[in-house]
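1. sequence plus predicted model, see below.
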Amino acid sequence: MATLGDMKIPRHIIWSFDKAEDLDLSEPENRKWWIKQVLMNGRMEDIRALDLDEVERVLPDLYLPKPIRKLWSDYFAKRRTSNPVPEKSA
């Protein structure tokens, strides 16, 4: 299994990537690519490891199959309505 810093890149997510050390997740485009791969190919534990606030921020920029985009768009819409921002007290 290839590694990415302290993180192991599971083969079920990226099976054709042999040079994990070339993937710098501090680069925004690489990070978006990684999130896309996890959303499309990841298991539950892989998705749990993502920062969901970051996923919500980059979701509009990701090219995803329609069913996957709809699933995540619906999830974040429900998340926003079920966790409203508390009102500031005066």
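-> Structure received.
2. what are the ranges of the strands in the chain?
-> 2-4, 7-9 (DSSP state E).
3. hey, least reliable of those by pLDDT?
-> For those, mean pLDDT drops lowest on strand 2-4, to a mean of 42.
4. for residue 49, see how far away residue 77 is.
-> 23 Å (Cβ to Cβ, to the nearest Å). C-beta: built from backbone N, CA, C; applies to glycine.
5. swap in residue 59?
-> In terms of Cβ to Cβ, residue 59 sits 17 Å off from residue 49.
6. these two: who's more crowded?
-> residue 59 (19 against 10; other Cβ atoms under 10 Å).
7. which non-adjacent residue is nearest that one?
-> Ranked by Cβ to Cβ, 6 or more residues apart in numbering and with sequence neighbours excluded, the top spatial neighbour of residue 59 is residue 72, at 5.8 Å.
8. same question, residue 50
-> Nearest residue to residue 50 in three dimensions, chain neighbours excluded: residue 38, at 5.9 Å (Cβ to Cβ, 6+ apart).
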